[in-house]
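*Asks:* what follows is a protein structure lacking sequence information:
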Ligand code: GLU
């Protein structure tokens, strides 16, 4: 590592499908940010969703990125190998009484929201969909223990208002959009540990970025709002706040952003139809003199 190195970026795909052109651009974006700052580029495999992640997709991530000419530092951090890091963070939030168990199904939530629709206290949608209407917020100790003992599945949610009061006003920096006041309240009582796995995207990403020493988080504009929650979690967990840069999302000929289900635009399929890495970078709109 050069003594000047200060910028540490990462690309953090989930192995739930093959990488597509949008991922190639996002990976390049993080790699390029690191290059311009004589920094370090890291890779992280976000595989907490055990039901959807597959080892062959993980292998393909490495192969496709290497085929494109990108290089990253090793070791690669695989989230499923670090569940104890997330449990430690959860314990810390629990000890601060910021977390509560929620037994609701999607149906329970939808029913409650529908019943409240039109009422003066109806909740607006948050960036991830409807804001949780607080059904399990006030469950008593005995009820929680009985339902757990009966084997009812539960997730853990953050008590957003208490968390915000504890952390106080926060801001964060997006290098393109400037200083942002943190507005995690738009998410409501966000899920911090899922029913199927004892962490969540927000918790794992925040902990990992800190443990990997990431100083500049780059990712698509679709995750801009998520940074509000991450800033709050950093404050609650005593973690450093990186700077952020959110890039625009690539779209296909139909104007829609690429998705893993669009098989034709995966790096793998482009490769199989005989495209070269240079042609793929052309398709991703990366200038010739800025490629790996
Ligand atoms: N794993 C996330 C995704 O594939 C990216 C998370 C991030 O960059 O913060 O969309």
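*Replies:* Arrived safely. Values in this document were obtained by computation on a predicted structure and should not be read as measured data.
*Asks:* longest helix of the chain, counting residues only.
*Replies:* Counting by DSSP state H, the longest helix found in the chain is helix 21-36.
*Asks:* now do that helix: everything it contacts.
*Replies:* 7-11, 13, 19, 39-41, 64-65, 68, 70, 72, 216, 218-220, 245, 247, 249-250, 252, 257-258, 265, 267, 270, 280-281, 283-286, 290-292 (CB atoms under 8 Å, 6 or more residues apart in numbering). Quick note: C-beta positions are derived from backbone N, CA and C, even for glycine.
*Asks:* what about these, which are in helices?
*Replies:* Going by DSSP H, the helices hold 64, 65, 267, 270, 280, 281, 283, 284 from the contacts of helix 21-36.
*Asks:* tabulate the residues you listed (JSON lines), appending distance to the ligand, pLDDT and neighbour count.
*Replies:* Shown next, in JSON lines, are those (distance: CB to the nearest ligand atom, whole Å; pLDDT from 0 to 100; neighbours: other CB atoms under 10 Å):
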{"residue": "64", "distance to the ligand": "14", "pLDDT": "98", "neighbour count": "24"}
{"residue": "65", "distance to the ligand": "13", "pLDDT": "98", "neighbour count": "23"}
{"residue": "267", "distance to the ligand": "14", "pLDDT": "96", "neighbour count": "26"}
{"residue": "270", "distance to the ligand": "19", "pLDDT": "95", "neighbour count": "20"}
{"residue": "280", "distance to the ligand": "19", "pLDDT": "97", "neighbour count": "21"}
{"residue": "281", "distance to the ligand": "20", "pLDDT": "98", "neighbour count": "22"}
{"residue": "283", "distance to the ligand": "20", "pLDDT": "94", "neighbour count": "17"}
{"residue": "284", "distance to the ligand": "16", "pLDDT": "95", "neighbour count": "23"}
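*Asks:* okay, those residues in JSON lines with distance to residue 147 next?
*Replies:* Shown next, in JSON lines, are these (distance: CB to CB, whole Å):
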{"residue": "64", "distance to residue 147": "44"}
{"residue": "65", "distance to residue 147": "44"}
{"residue": "267", "distance to residue 147": "45"}
{"residue": "270", "distance to residue 147": "49"}
{"residue": "280", "distance to residue 147": "51"}
{"residue": "281", "distance to residue 147": "53"}
{"residue": "283", "distance to residue 147": "51"}
{"residue": "284", "distance to residue 147": "49"}
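*Asks:* farthest pair within the residues you listed?
*Replies:* Distance extremes for the ones in helices among the contacts of helix 21-36: the farthest pair is 65 and 283 at 15.8 Å, using CB to CB.
*Asks:* where along the stretch 101-250 of the chain do the strands fall?
*Replies:* 125-126, 129-130, 155-158, 171-174, 178-181, 191-193, 216-220, 243-247 (DSSP state E, counting those that start in this stretch).
*Asks:* tell me the mean pLDDT for the fourth one?
*Replies:* For strand 171-174, the mean pLDDT works out to 98.
*Asks:* do you know which of the strands of the stretch 101-250 of the chain lies nearest residue 86?
*Replies:* strand 191-193 (7.7 Å).
*Asks:* and the residue nearest to residue 27 when sequence neighbours are not counted, how far from residue 285?
*Replies:* Counting by CB to CB, 6 or more residues apart in numbering, residue 27 lies nearest to residue 11, which is 4.3 Å off, once chain neighbours are set aside. Look at residue 11 and residue 285: by CB to CB, to the nearest Å, they are 17 Å apart.
*Asks:* between those two, which is the more surrounded one?
*Replies:* residue 11 (25 against 11; other CB atoms under 10 Å).
*Asks:* please report how far that one lies from the ligand.
*Replies:* According to CB to the nearest ligand atom, to the nearest Å, residue 11 stands 7 Å off from the ligand.
*Asks:* check contacts around residue 187.
*Replies:* Residue 187 neighbours (CB under 8 Å, 6+ apart): 126, 127, 128, 131, 160, 225, 228, 229.
*Asks:* go through these and give me the one with the most neighbours.
*Replies:* residue 229 (29 neighbours).
*Asks:* I'd say it and residue 190 touch.
*Replies:* Yes - in this structure, residue 229 is within contact of residue 190 by CB atoms under 8 Å, at 5.8 Å.
*Asks:* residues that sit against both of these two, list them.
*Replies:* Common neighbours of residue 229 and residue 190 (CB under 8 Å, 6+ apart) are 184, 202.
*Asks:* low pLDDT regions in the stretch 51-200 of the chain?
*Replies:* In the predicted model of the stretch 51-200 of the chain, residues 120-121 satisfy pLDDT under 70.
*Asks:* closest point of it to the ligand, which residue?
*Replies:* Closest residue of the stretch 51-200 of the chain to the ligand, CB to the nearest ligand atom: residue 79 (9.1 Å).
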